[in-house]
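> the following comprises the amino acid sequence and a computationally predicted model.
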Amino acid sequence: MSRTYACYNDAIKRIIGVGEDNKLTIAQIIDHPDFIREDEHLAVADFKKEIRREIRRMIKELGSDLETGLMILVEEKPKGRGQQAYYYWASSPLKNVALGREEISDDRLMARAIAFQFVDEYLKEFLPPSIIESLEADMDEANDDLHAAKFWQKKLQFHPSGFEVSPNPKIVIGNEQDWDKTYDALNKQYVIQATYETLHQGIMPSSVFLSLQKIQYVNHKVMVLAYVHKLNCVKTFEVARLRDIKQSSDYSFEHVDFNTYEKSYKFEARVNVSVKDYFKSVRFGHNFKEAEYEADDSWIIKSTIKVPDHFSKDKQGPDPFAIANFLSGFADSMEIIKPDFLREEMKRRADNLSKLYLDEFDSVPVISRSPHEQTGNIEKLKEIDERR
């Protein structure tokens, strides 16, 4: 005969901490966010008493550890009248046995907890919502395990931009279905039709037919690299702005040969000593050369970089947008020497930046023109010129 309150056993096992330092009362267990009371038990007046009985049954069933003789699940009984009892697991391995994780060592459990928390904190948007949903219980357990460990809780910070920037978790909300369809189309290799909130009107149609090639995590945003059928080109799309996705039979799936989409270029730059040391500690491009000392604490760095072709017909040739964004972060600590197209883009940005910070200069035209100059959107530039 099934017990009425046995439905809470799994939650109780997960919630109760390991060791006396993490002991909990019945009230704390019930108030834990992972403890969800069934509707039929909401009005039970002696609910705490019933849960206490259920925990004591669990203690009796689990018994004691054969090696140490200690109770696996410990009830620390009150010393005086009116005081509460406390509950805790004798050790992590014994808790793992009760949770069906007996083959996972403490070290491995902690490693898994760190990995799951990293996914929870930084990569939720990069994985399909269906996968994240299936990992929710693991991520909740990971947070509990790390909280119990104390040392690891909030000790690891992931700041690849140099300061705290992370994806907005709300970006997926309301768009889960399209997000999942994006991954499904990528996995099964079929063409999708979608509406896209494009900034490049006049170049990119709002309704697009795409053969998805790769998912990329760029600047804390999830991007999909896709072949655009109407334009016969390759472009990246922000997944959060792909809407109303459906499978299309209007086109056959197109596989992209990335040797034709991306070309290699010799890269050379003059940098100061701090930037030289930075590039020594990261992987940048291919065939990176040892920095050459030049003079007055400046250095020459060389590498081979891959740059994609521009998707705009008005800007035939390489598209320096992404790499120029990255290199712009070094500001006046770097001068690009090669390739020429990248040097010219850096000069364009430098000229516009100097205008933005002249107090007597109107910065609005520079800011409004910038994305359209980068994408070759001539029609939009004409509109901006007409408004001036």
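Now that the structure is in, tell me what you want to look at. Numbers count the residues shown, from 1 in each chain.
> how about Arg349: what's its closest non-neighbour residue?
Spatial nearest neighbour of Arg349, excluding adjacent residues (C-beta to C-beta, 6 or more residues apart in numbering): Ser328 at 6.2 Å. Glycine gets a C-beta too; all of them are placed from N, C-alpha and C.
> what about the one you found, neighbour count?
14 (other C-beta atoms under 10 Å).
> these two touch, right, it and Arg348?
No: Ser328 is not in contact with Arg348 according to C-beta atoms under 8 Å; the separation is 11.1 Å.
> where do the helices of the stretch 151-300 of the chain begin and end?
Secondary structure of the stretch 151-300 of the chain by DSSP state H, counting those that start in this stretch: the helices cover 176-188, 258-261, 273-280.
> again, but for the stretch 1-150 of the chain
Counting by DSSP H, counting those that start in this stretch, the helices of the stretch 1-150 of the chain are 9-15, 26-31, 47-62, 92-98, 106-122, 129-149.
> compare the ones you listed and give me the one nearest Val218.
helix 106-122 (13.9 Å; C-beta to C-beta).
> angle of the closest one against helix 129-149?
Between helix 106-122 and helix 129-149, the angle comes out at 120 degrees (axes from the mean of the first three to the mean of the last three C-alpha atoms, to 10 degrees).
> may I see the buried residues of helix 106-122?
Buried residues in helix 106-122, counted by 16 or more other C-beta atoms under 10 Å: Leu109, Met110, Arg112, Ala113, Ile114, Phe116, Gln117, Val119, Asp120, Glu121, Tyr122.
> how about stretch 88-105?
88-98, 101, 104.
> grab the nearest non-local neighbour of Ala98.
Ala98 sits nearest to Lys13 (C-beta to C-beta, 6+ apart), 5.5 Å away.
> and for the one you found, the neighbour number?
Neighbours of Lys13 using other C-beta under 10 Å come to 17.
> what's the answer for Gln374, then?
Neighbour tally, Gln374, other C-beta under 10 Å: 20.
> name the element it belongs to?
Using DSSP states H and E, Gln374 maps to helix 364-375.
> can you spell out which helices and strands pack onto that helix?
If you count contacts as 3 or more C-beta pairs under 8 Å, 6 or more residues apart in numbering; DSSP states H and E, helix 364-375 packs onto helix 340-356, helix 378-387.
> against Val366, how distant is Leu358?
10 Å (C-beta to C-beta, to the nearest Å).
> and the two? Which one has more around it.
Between Leu358 and Val366, counted using other C-beta under 10 Å, the more crowded position is Val366 (16 against 9).
> isn't that one right up against Tyr357?
No: under the criterion of C-beta under 8 Å, Val366 makes no contact with Tyr357, lying 10.4 Å away.
> need the pLDDT of Arg101.
We have a pLDDT of 61 for Arg101.
> how many other residues sit next to Pro160?
Pro160, neighbours per other C-beta under 10 Å, totals 11.
> same question, Ser166
So Ser166, with other C-beta under 10 Å, has 14 neighbours.
> sorry, back to before: so for Tyr217, which of the helices of the stretch 1-150 of the chain sits nearest?
Nearest of the helices of the stretch 1-150 of the chain (C-beta to C-beta): helix 106-122, 9.4 Å.
> ok, back up a step: who wins for proximity to Leu342 among the helices of the stretch 1-150 of the chain?
helix 106-122 (29.8 Å).
> now do the closest one: which elements does it pack against?
Right, helix 106-122 is packed against helix 92-98, helix 129-149 by 3+ C-beta pairs under 8 Å, 6+ apart.
> CSV for these, including distance to Lys280?
Shown next, in CSV, are the helices and strands packed on helix 106-122 (distance: least, C-beta to C-beta, whole Å):
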stretch, distance to Lys280
helix 92-98, 41
helix 129-149, 33
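> looking at those, which one is packed in the most?
Highest mean neighbour count of the helices and strands packed on helix 106-122: helix 92-98, a mean of 20 (counted as mean count of other C-beta atoms under 10 Å).
> run the chain-centre distance for that one.
Between the centre of helix 92-98 and the centre of its host chain there is 31 Å, according to C-alpha atoms, centre = their mean, to the nearest Å.
> now for that helix, which elements pack on it?
helix 106-122.
> enumerate every residue touching the closest residue to Lys95 other than its chain neighbours.
Spatial nearest neighbour of Lys95, excluding adjacent residues (C-beta to C-beta, 6+ apart): Trp89 at 4.1 Å. By C-beta atoms under 8 Å, 6 or more residues apart in numbering, the residues touching Trp89 are Ile16, Gly17, Val18, Gly19, Ile72, Leu73, Val74, Lys95, Ala98.
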